[in-house]
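take a look and give me a structure for this.
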Amino acid sequence: ASLAAGLRNGGTRQLRIAAVPSLATAVLPRAVKSFIGQYPKCKLTLETYHYDSLVDALLAGHVDVGFVYEPVAHAALATTDLLQAFFCSVSTPTYFSKTKKSISVKDLVSCNIIGLSKDDLVASLIAQTDGMADIALTRNVSVETSVVAMHLAAQGMGVALVDSLTGALGKLHGAQVLPF
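Numbering: from 1, shown residues only. Below is the predicted model:
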């Protein structure tokens, strides 16, 4: 409450913001620019964490605000839905037909999938997608974050299954991004 009051009154305050990596790269830059425009005296510290570590940092008071994909179910934390994302594939522009408009589980059987860490929330949500448990995916490379998976896919290392915000970054790098 004192942080909000300080910002309203135009005082100089320190705001510590944390986000999961894909939100930190896809959403925070524009949000920070807008926020600093409204509160030019506020000093920001931006950090990235995986979901569980971010929640721990919030609970310990190491950060003031956190941005994650799934709501946090903890009595000490308040949550607000800000946006919705969907899953998509990222690959080189020639990996799939240019006429393809979306990816299905069946399309993934013959693909080299760039795997995400089993601790990654996006990876666990994708694993729960209908039909994913029924197929064996080939994973020659595994990484910790969807942003790294997206960059590897854009370089031709296979297909990354990521959130649509990370997919949007892939489009900026010339990758083919298809809804999943």
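
the helices in the chain, which residues?
2-8, 21-26, 28-38, 51-60, 105-108, 121-127, 146-154, 164-172 (DSSP state H).

deepest of these, which one?
Ranked by average neighbour count under the criterion mean count of other Cβ atoms under 10 Å, those are headed by helix 146-154 at a mean of 25. From N, CA and C alone the C-beta is placed, and that goes for glycine too.

report all helices and strands that that one contacts.
helix 21-26, strand 87-91, strand 112-116, strand 138-143, strand 159-163, helix 164-172 (3 or more Cβ pairs under 8 Å, 6 or more residues apart in numbering; DSSP states H and E).

can you redo the ones you listed as JSON lines with distance to Pro40?
Listed next are the helices and strands packed on helix 146-154 as JSON lines, based on distance: least, Cβ to Cβ, whole Å:
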{"stretch": "helix 21-26", "distance to Pro40": "22"}
{"stretch": "strand 87-91", "distance to Pro40": "36"}
{"stretch": "strand 112-116", "distance to Pro40": "38"}
{"stretch": "strand 138-143", "distance to Pro40": "37"}
{"stretch": "strand 159-163", "distance to Pro40": "31"}
{"stretch": "helix 164-172", "distance to Pro40": "27"}
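
who wins for proximity to Cys88 among the helices of the chain?
helix 164-172 (4.0 Å; Cβ to Cβ).

follow-up on the earlier one: of the helices and strands packed on helix 146-154, which is nearest Ala73?
Nearest of the helices and strands packed on helix 146-154 (Cβ to Cβ): helix 21-26, 18.8 Å.
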